[in-house]
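Need a 3D model of the following:
(one chain, ligands or ions: 1)
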Amino acid sequence: MDFLRLQRPRGGGSGGGPGGPGDPNDPHRLRRNPLVWIAVLGAIILYTVYDGGLPGMPGSEDETRRRIDQITDVGGPFELTDHNGRAVTEQSFRGRYMLVYFGYTWCPDVCPIDVLVMGQAVEMLGQVGDQVQPLFITVDPARDTVDALAIYAANFHARLLALTGSETEVAAAAAAYKVYYGKGEEAESPDDYLVDHTDNMYLMGPDGVFLEVFPHGMRPSEIAHAIGQYL
Ligand code: NI
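Sure thing, here's the model as predicted:
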């Protein structure tokens, strides 16, 4: 009996009767193990990044559909600066499709996924995808300088252009796209804050006219398919 006890797994020795904390059959055991949750989170992130989104995010499918159906005419003039320091306007991209996303480089979760998805969608289109210019427009110009955007853009896609500007220029661009953004509370220092923002991707035609919106959560393949219909 003592011998058997010694052979038990760690934690199963004392006080760990059936159903107790050390019992491998205890249904609560998995939930208590932080490693399990780390693995689950990792799997969710991998799934989200490589194959699209999480079902039911950010709202139900119906809710998302309703939200998206309300978006009919977005876009318009903007005057911004790209991550190479060049002045650009909406006219700079005439004759090409624009895939436009508003976000910020400090965004811890949604933006990196969406920008990765955007790059993958463009990549999936192959050579015809060259007609599409992916654009990341910051909603946080205070922190997203030209240099910050240059580093950010390089991490995602070779053809991604990241745009910034003055507070006024960024506000005008966001207004043209009916994009909401709002700075959250500062945490430990003045430059430590989140920015809440609309997380749609907009496809604009070569004439600058709005074609389609892709909400957060769509798979790169779905986006690529939808864009491919126009090319
Ligand atoms: Ni974001």
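
Close to the ion: what parts of the chain are there?
Listed as neighbours of the ion in the chain under the rule Cβ under 5 Å from the ion: 103, 107, 110, 111. C-beta coordinates here come from the backbone N, C-alpha and C atoms, glycine included.

repeat that for 8 Å
103, 104, 107, 108, 109, 110, 111, 112, 114, 195, 197, 199 (Cβ under 8 Å from the ion).

bridging residues for the first one?
With beta bridges defined as DSSP bridges, residue 103 has these partners: residue 138.

Tell me how many other residues surround it.
Using other Cβ atoms under 10 Å, residue 103 is surrounded by 26 other residues.

From what I see, it and residue 113 are in contact.
No: judged on Cβ atoms under 8 Å, residue 103 makes no contact with residue 113 at a distance of 10.2 Å.

rewinding a little: looking at neighbours, which among the residues of the chain next to the ion is most surrounded?
Most surrounded of those: other Cβ under 10 Å gives residue 103, at 26 neighbours.

Now residue 158. Its backbone dihedrals?
phi -60, psi -30 (degrees, to the nearest 10).

Just give the number of residues close to it.
Residue 158: 9 surrounding residues under other Cβ under 10 Å.

In this structure residue 71 contacts residue 178, no?
Yes: counting by Cβ under 8 Å, residue 178 is a contact partner of residue 71 at 7.0 Å.

And residue 200, what's its pLDDT?
Predicted confidence (pLDDT) for residue 200: 95.

Could you pull up the residues touching it?
68, 71, 101, 179, 213, 214, 215, 216 (Cβ atoms under 8 Å, 6 or more residues apart in numbering).

give me the element the third one is part of.
Using DSSP states H and E, residue 101 maps to strand 97-103.

State the next helix or strand along the chain beyond that strand.
helix 110-124.

for that next one, packing partners?
helix 34-51, strand 97-103, strand 132-138, strand 201-204, helix 220-228 (3 or more Cβ pairs under 8 Å, 6 or more residues apart in numbering; DSSP states H and E).
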